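Just the structure for this:
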Amino acid sequence: MNSTASPSSSSSSPPRLLNRVSGFFMQKKPTGRESGGNQTTSSIPSVVMEEDAQSSRADSMFSSLSSIRPNPNSPPPLRTVRLDQPIVHESPSPITPPPSASPSKMRPEDVDAAFEQLMQEYALAANIRPSLTQLTTEQKSALLQSSQARTQRKSSTFSAATQFFSTLRGNKNSSNHYGTVAASSDMLANHQVTLPTDLFAASDAAEQKRRMIGAPKRSKHKSSPQYFVRLLNETPARALEDTDVSDLRIFLRNVVVSWTTEFLALGGYEAIGNVFRQMKHVPKRMPSDDKLLQQFAKCFKAIMTHEASGIEKVLTDPSPLVHVRDLLFGPADPKVKAVYGLDIVTRGQLLQLLCTLPSLQVTTRDGRYIHGYDVLCGLLLDKADDEEDEKKDTNYPFRMSLKADPQTVMKMIVKGGVAPRYTAWMREIQHTVDRHIEPITFLAQVLDYRFESAFRQLKSSPHQPPTKGDTLANGEPEGLVMVDEGVVDYLITHLRLIFTLVMTPPTQFQGEYDDYQQEKVRLEIMLSGFDKIAKALQQCPHPTLYASYVRYLQPLISPRADLTIPSMSSSASSTSTVDDLMARWNREMTLHQPQQQQGNDNASSSSSWQDTDDDDEDLENYDDIFDTDEASL
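Numbers count the residues shown, from 1 in each chain. Model prediction:
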């Protein structure tokens, strides 16, 4: 029996392939009767199949057994391949990077260089850098170790260095802190780092918000710049989720600089500009539009302060700022503007974006110097679509105003100028004054109205309604608040911007910018509509409200120079009425001073419309007949 089962007798053994296939598909559990009666006969094919399988695995390319046969003279089967190295399917071992030197073992010069690079990564302000450079080498090494630990973990939580630098960047959204990083704090304590405890508090406002409401964490895919760029490009502006927009704002303001750089490189700047463009062309305003624009205004403000590539993007491509300017100034039609205008808080944030431009400057790669103040001066000028659709009829049979002709004055200010160039800007200020200041003046003229301090209203909480029992010291009832929150700051910002435009020339201006040039800019702003605004602001009866902006308004009312052209004053034939008209203009502006009210004796004096008798002496006065009749009676 053993001789028949020997592997050497290849003639008596069945074919190997057939045995393997039949053994694979025709396996069956042996029953008790078969195992007891046929034990000898069933053991023979099993031994043959086992030896056959071992022989086949020896020649397989996926085998780890040796391919050496018992009989070296027997050639290998034709269906196999002889391999010199039997282990061929083993994956190569991963290449381990060379271990970097820990900050504790680095030289002080290397630690300082790495710490400087870390500060650049977190885009710290210039006034904070000197205080951080005074840290000891051990303190810098502790922060570097924390930053390296976070990079190796690749987790979404901030390390101690991230929290430290994010806090220094001024995260205003995280007012409440929910704990510290214990490991980083212990590590800094071992190095005797004497830093404030609150600097290591959690600074990720989005994570804190999700922790409060129990929302899941944002995945790494949804935290990448690619996700946000694709989201802004593929989703309409009004269909964006509030959480996504809020997280984008937090990522742009609190995450490292490389994240914002990658976001801008992928087209994030153009995507945010497209959102402003969509919001500008919406047919009808909705209450959610103000909140959306406020969030994107903060996102754009973070890009404007990004020194690596954000400033260059903003100054070389100001097209998103054009949309911001159009949203701020609104439509030309005052009726449409009154219905579909934005909230005062939203307009205040859009105005802050424009006011940030004078602090920006960049030199492009091709050597071109661009200053943000020049871009701002161009944005404040009128465009072709700023003109009103329904122009007023100016073909009157006689003159309707005693003011100087704007076209005559504009020819003196700008060569070839026929119309003032700041009308859209002045319409926005006029709309704010008509909506918030004029009602106060009307109520003061009709009723004996008392007003509360505007500053007290600005500082008060909007969730605390005024109580009915508020009284003054003398027992009289206290006045009501008549100014919405943010109106005073909004008007002051406009006045300061006008004063900056008058006093500061553009960087491309050539020549001497004296009082004569300043007066030309001031006069053009007056012709654009600021004269009416100034009169309304001067007549405001609210004492504290008036005192808040009068020091910004007064320099804009007073003329800075006499606009007398030297070439015209030399010849007697050219003594036109331009000087007289300008003097009349300035005299009208100084007459409207609410603080200088005349007494009651003016009422008894003759009115301006009562003229004296200027008839000729030879002309008979027919009014005397009424006197003779009355005397006879």
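
mind listing what Val345 touches?
With contact set as Cβ atoms under 8 Å, 6 or more residues apart in numbering, Val345 has these partners: 290, 294, 485-486. C-beta coordinates here come from the backbone N, C-alpha and C atoms, glycine included.

Which of the residues you listed fall in helices?
Among those, the ones falling in helices (DSSP state H) are 290, 294.

Out of the contacts of Val345, the closest to Asp343 would be?
Asp290 (4.5 Å; Cβ to Cβ).

didn't the closest one look like it was pressed against Arg347?
No: look at Asp290 against Arg347 with Cβ atoms under 8 Å: they stay out of range, at 9.3 Å.

neighbour count winner among the two?
More neighbours surround Arg347 than the other of Asp290 and Arg347, with 22 against 17 (other Cβ atoms under 10 Å).

Tell me which residues of stretch 509-517 come out buried.
Gln517 (16 or more other Cβ atoms under 10 Å).

typed the wrong thing, it's stretch 306-326
Within stretch 306-326, the residues that count as buried by 16+ other Cβ under 10 Å are 306, 309-315, 318, 320-326.

In those, find the pair that's most separated.
Based on Cβ to Cβ, the longest span within the buried residues of stretch 306-326 runs between Ser309 and Asp326 and measures 25.3 Å.

which stretches of the protein have low pLDDT?
1-72, 74-105, 120-127, 129, 147-221, 388-408, 416-417, 447-483, 564-633 (pLDDT under 70).

Domain-wise, how is it divided?
Following the TED database, one finds the domains of the chain at 109-144, 225-380, 406-460+483-564+580-589.

want to throw those domains into CSV with distance to Asp386?
Shown next, in CSV, are the domains of the chain (distance: least, Cβ to Cβ, whole Å):
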stretch, distance to Asp386
domain 109-144, 37
domain 225-380, 6
domain 406-460+483-564+580-589, 4
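
Settle this for me: Pro318 is touching Leu379, isn't it.
Yes: counting by Cβ under 8 Å, Pro318 touches Leu379, with 7.3 Å between them.

Dump the C-alpha coordinates for stretch 554-566 into CSV.
Provided in CSV are the C-alpha atoms of stretch 554-566 (Å, rounded to 0.1, in the frame of the first residue of the first chain):
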residue,chain,number,x,y,z
GLN,A,554,-16.3,122.4,11.5
PRO,A,555,-13.0,122.1,9.5
LEU,A,556,-15.0,121.0,6.4
ILE,A,557,-17.2,124.1,6.5
SER,A,558,-14.6,126.8,6.9
PRO,A,559,-12.9,127.7,3.6
ARG,A,560,-9.2,127.1,3.4
ALA,A,561,-8.2,129.6,0.7
ASP,A,562,-9.6,132.2,-1.7
LEU,A,563,-10.1,130.6,-5.1
THR,A,564,-8.9,133.6,-7.1
ILE,A,565,-7.1,132.6,-10.2
PRO,A,566,-4.0,134.8,-10.7
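
In it, which residues are buried?
556-557, 559-560, 563.

re the thing from before, which one of the contacts of Val345 is nearest to Leu232?
Gln294 (16.5 Å).

right, and that closest one touches Gln352 too?
No: applying Cβ under 8 Å as the test, Gln294 and Gln352 come out as separate, 10.9 Å apart.

of the two, who's got more company?
Gln294 (18 against 15).

Identify the residues contacting the more buried one.
Going by Cβ under 8 Å, 6+ apart, Gln294 touches 345-346, 349.

Out of those residues, list just those in helices.
Filtering the contacts of Gln294 for helices - DSSP H - leaves 345-346, 349.

ok, so of these, who is nearest Leu143?
Gln349 (33.9 Å).

for that closest one, what are its contacts?
293-294, 297-298.

same thing but at 7 Å, please
294, 297 (Cβ atoms under 7 Å, 6 or more residues apart in numbering).

got it, and Leu315?
360, 362, 370, 372, 375.

any idea how far it is from Val339?
35 Å (Cβ to Cβ, to the nearest Å).

Likewise for Val502?
Counting by Cβ to Cβ, the gap from Val502 to Val339 is 33 Å.

and these two? which has more neighbours close in?
Taking Val502 and Val339 together and counting by other Cβ under 10 Å, Val502 has the greater number of neighbours (20 against 11).

The more buried one reaches Lys520, doesn't it?
No: the pair Val502 / Lys520 is not scored as a contact, 9.5 Å apart, by Cβ atoms under 7 Å.

quick one on the thing from earlier: sitting in strands, which of the contacts of Leu315 do you find?
Using DSSP state E, the members of these that fall in strands are 362, 370.

Most neighbours of all the contacts of Leu315, which one?
The residue in the contacts of Leu315 with the most neighbours, by other Cβ under 10 Å, is Gly372 (22 neighbours).

wait, what's in contact with that residue?
315, 357-361.
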